[in-house]
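A.B. asks: give the three-dimensional model of this entry:
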Amino acid sequence: YLLIAISIERYIAIVHPVYFAMILNRRRVKFIILLIWVLNYLITATFSFFIVNSYAGRCTMIFSTDYISILVGTALFVYRVFFPSLVMLIPLVLIVRKLNRQATWFRSKTRVIATEDNIYLAARSRVIQLMLIVILVYVFCWTPSQFAFLLYTLSVIPSWYPYSIYHRTLTLIGFFNSCANPIIYTLRHSQFRQAIMDIFKRAVTRGNSLFGYRPSPQETAKRSR
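C.D. replies: Presented below is the predicted three-dimensional model:
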């Protein structure tokens, strides 16, 4: 859900740059991060269904009824895969629509203005590409394990699936998503690579933002009104 917050933050920065500083500040960002962590801990409380099988000596999952099993499996799939993917995709579509409108407007102006503002369009296009890659990696990493768990709660997959080698492998793939995002940023952005180096050198990174985004002249003019 931190990825959802980042997607919404990028949407506000690109589509509504005039209100960006008014909507997001350091205090609100800290509150949102804290809220995400608290909600995730509450949701994962559903795994209190895990108990120890005294005969096999291993953890297993017991649901009181088939209805509870189906409800938990469906809810977790929606919460972990369907809803996050949808919410991350919507801001991306809105950003693309905004950039297409701006590109059309720039082409209607003189060559000099269009060339100058194309720099900002190119920077924002890089943001779109990065967001799309992050979404695809998230779906690729988390869908297999969550879909398999959904099938397990629907009794499609045998009862031995939890803690089996298949379950552990798919879970590790899901956890890899947390490692993949820094790799993606590092491969695609020299500023991020420099920032990582500065962390180890205890230096202060200077220059443009990670996404190369700066307000265009038109946005600057709007703010000054």
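
A.B. asks: tally of neighbours for Y138?
C.D. replies: Neighbour count for Y138, taken as other Cβ atoms under 10 Å: 21. (C-beta placed from N, C-alpha, C; glycine too.)

A.B. asks: how close does it sit to N100?
C.D. replies: To N100, Y138 is 25 Å away according to Cβ to Cβ, to the nearest Å.

A.B. asks: is it true that N181 touches V137?
C.D. replies: Yes - counting by Cβ atoms under 8 Å, N181 does reach V137; the two are 7.4 Å apart.

A.B. asks: what are the ranges of the helices in this protein?
C.D. replies: All helices of the chain, identified by DSSP state H, fall at 2-15, 20-23, 26-43, 66-77, 83-107, 111-153, 165-188, 190-201, 217-224.

A.B. asks: chain center to the fifth one: distance?
C.D. replies: Read it as helix 83-107. In terms of Cα atoms, centre = their mean, to the nearest Å, the centre of helix 83-107 is found 16 Å from the chain centre.

A.B. asks: on contacts alone, who are the packing partners of that helix?
C.D. replies: Contacts defined by 3 or more Cβ pairs under 8 Å, 6 or more residues apart in numbering; DSSP states H and E place helix 83-107 against helix 2-15, helix 111-153.

A.B. asks: lowest average pLDDT across these?
C.D. replies: The stretch with the lowest mean pLDDT among the helices and strands packed on helix 83-107 is helix 111-153, at a mean of 78.

A.B. asks: about what we covered before: looking at the helices of the chain, which is closest to S159?
C.D. replies: Closest to S159 of these, according to Cβ to Cβ: helix 111-153, at 8.0 Å.

A.B. asks: tally of neighbours for the nearest residue to L151 once chain neighbours are set aside?
C.D. replies: Among residues not flanking L151 along the chain, I157 sits closest, at 4.6 Å (Cβ to Cβ, 6 or more residues apart in numbering). Residues within reach of I157, counting by other Cβ under 10 Å, total 17.

A.B. asks: how much space separates Y185 from I133?
C.D. replies: 10 Å.

A.B. asks: neighbour-wise, which of the two wins?
C.D. replies: Under the criterion of other Cβ under 10 Å, the comparison of Y185 against I133 puts Y185 first, with 19 against 16.

A.B. asks: need the helices and strands packed on helix 83-107 in TSV with distance to S164, can you?
C.D. replies: Below are the helices and strands packed on helix 83-107 laid out as TSV (distance: least, Cβ to Cβ, whole Å):
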stretch	distance to S164
helix 2-15	28
helix 111-153	10
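
A.B. asks: nothing else from me, thank you.
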